[in-house]
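>>> Kindly return the folded structure for what I paste below:
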Amino acid sequence: MADNKPYTSQLGAGLGLVDETKMLLDLWSPGMSVNQLHQVALESGRFPTVTARRLRNIVVECFAPRYLVGGGAPAAHLKRLSSTLPTADLTQLMLVFTSRANLILGDFVRNVYWARYAGGHSQITNEDARAFVERGIDDGKTTKRWSESMIRNVSGYLTGCCADYGMLEGGRRTSRRILPFRISPSVSAYLAYDLHFRGVGDNALLTHEDWQLFGLAREDVLEEIKRLSLKGLLIIQAAGDVIRISWKQQDMEALCDVLTQS
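Numbering: from 1, shown residues only. As a prediction, this is how the structure comes out:
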């Protein structure tokens, strides 16, 4: 298990929450605590159909673990990018952060969604998700065995979250059509730099599991990096299996500035 984090049912507190996340990013400012953000959100009038308790769940159980980790860096970056990046690109970044916070979602996307996609299947069902969840339980990836209703619910959360992030068709259904899904250039640049600044070496970067959320193997990532090089975002030198990257931006803030201007 990555970081030895167990599978949880935390996605049940809120799936993709794309619109809610954008509104909370708008209200959030660096240094704001989770409780302060909840209070500001309550008083903003931006969530008229959401109860106070439900809003607290969204802020505490969903927004904070996804975007307020690492001193709130994900929130700061998304807030900076949200004014110019299209929603589709922001949504792809949300997928990355949500998958890091919820290991079960990341594994489902990597091991079920892309396997079905590559196998030429046109749909993913809640039964596919259920089989994945049951396998995870059998493999000891949860802290205890889940009840029948929990397994059924989490299976629905997984397919519902993929729908929110544009990978599967939306609506309330038990079988969903697989939609075309390709990483955007801005997200490629963000992810490459993010992994670099998190201490991932140039060669290890090409095989990092975050790329697999977009169905990318090492060769695919190398092509993405070469495209970023052509855009002047970095310089890559490749010799056989060894690659070396010269990173042009000094930090993520500088990269976000470049991305908002491009």
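>>> gap between the strand or helix carrying I137 and the chain center?
Assigned by DSSP states H and E, I137 belongs to helix 126-138. How far helix 126-138 lies from its chain's middle: 21 Å, per CA atoms, centre = their mean, to the nearest Å.
>>> Next secondary structure after it?
Past helix 126-138, the next helix or strand by DSSP H and E is helix 148-164.
>>> Show me how far that following helix is from its chain's centre.
Relative to its chain's centre, helix 148-164 lies at 16 Å (CA atoms, centre = their mean).
>>> That one - contacts with which helices or strands?
helix 103-108, strand 123-125, helix 126-138, strand 175-177 (3 or more CB pairs under 8 Å, 6 or more residues apart in numbering; DSSP states H and E). Every C-beta, even on glycine, is put in place using the N, C-alpha and C of the backbone.
>>> Need the winner for burial among the ones you listed.
helix 103-108 (a mean of 23; mean count of other CB atoms under 10 Å).
>>> re earlier: what lies in contact with the helix holding I137?
Residues from elsewhere that reach helix 126-138, judged by CB atoms under 8 Å, 6 or more residues apart in numbering: 7, 104, 107-108, 111-112, 116, 142, 145-146, 151-152, 154-156, 158-159, 174-175.
>>> Sort out which of the residues you listed are buried, if you could.
With neighbours counted by 16 or more other CB atoms under 10 Å, the contacts of helix 126-138 contain buried members at 7, 104, 107-108, 112, 116, 142, 146, 151, 154-156, 158-159.
>>> Buried residues in stretch 9-23, which are they?
9-17, 20-23.
>>> Now, these that are in helices?
E20, T21, K22, M23 (DSSP state H).
>>> now, which of these sits nearest L90?
Using CB to CB, K22 comes nearest to L90 of those, at 7.2 Å.
>>> picking that back up, tell me which of the ones in helices among the buried residues of stretch 9-23 is nearest to Q92?
So of those, ranked by how close each gets to Q92 (CB to CB), first place is T21, at 12.7 Å.
>>> Surely that closest one and M94 touch.
Yes - contact status for T21 versus M94: in contact at 6.1 Å, counting by CB atoms under 8 Å.
>>> which neighbours do these two share?
Joint contacts of T21 and M94 (CB under 8 Å, 6+ apart) are R66, L78.
>>> quick one, helices of the stretch 151-262 of the chain?
Using DSSP state H, counting those that start in this stretch, the helices of the stretch 151-262 of the chain run over 185-197, 202-205, 209-212, 218-230, 252-261.
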